[in-house]
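>>> what follows is a predicted structure for the sequence shown.
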Amino acid sequence: MNSKIYVGNLSYDTENSELETLFSTIGAVSSVNVIKDRDTGRARGFGFIEMESPTDTEKAITNLHDKDFKGRNLVVNLAKSDNRKSFNPRY
């Protein structure tokens, strides 16, 4: 099972450390990545979490989806895998 979780509807001032603190109440967190705007440095409202175990992944999705976090209800679900092949033209 994929252990990568999509987290949406984040407040625009959310930091990685805050998301890690929230998800670590469920289980061991491998990585946290709040996606930020390249130009402004402000969070774009979503991010990704990787949990150490599939059990913790399932628990995080079940317990944190629609939970209020910083005044917003989180959208938490399994991240879709990116199976696209990168464009690599040969000249």
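Here it is on my side, so go on.
>>> quick one: contacts for the spatially closest residue to L64 that is not a sequence neighbour?
Nearest non-adjacent residue to L64, counting by Cβ to Cβ, 6 or more residues apart in numbering: V76, 4.7 Å away. (Each C-beta comes from the backbone N, C-alpha and C, glycine too.) By Cβ atoms under 8 Å, 6 or more residues apart in numbering, the residues touching V76 are 5-8, 60-61, 64-67.
>>> likewise for S3?
Applying Cβ under 8 Å, 6+ apart, the residues near S3 are 30, 50-54, 56-57.
>>> now the residues you listed in JSON lines, with pLDDT, secondary structure and distance to T40?
Shown next, in JSON lines, are these (pLDDT from 0 to 100; DSSP: H, G, I helix; E, B strand; the rest coil; distance: Cβ to Cβ, whole Å):
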{"residue": "S30", "pLDDT": "96", "secondary structure": "strand", "distance to T40": "28"}
{"residue": "E50", "pLDDT": "97", "secondary structure": "strand", "distance to T40": "26"}
{"residue": "M51", "pLDDT": "96", "secondary structure": "strand", "distance to T40": "29"}
{"residue": "E52", "pLDDT": "95", "secondary structure": "coil", "distance to T40": "32"}
{"residue": "S53", "pLDDT": "94", "secondary structure": "coil", "distance to T40": "35"}
{"residue": "P54", "pLDDT": "94", "secondary structure": "helix", "distance to T40": "36"}
{"residue": "D56", "pLDDT": "96", "secondary structure": "helix", "distance to T40": "33"}
{"residue": "T57", "pLDDT": "96", "secondary structure": "helix", "distance to T40": "31"}
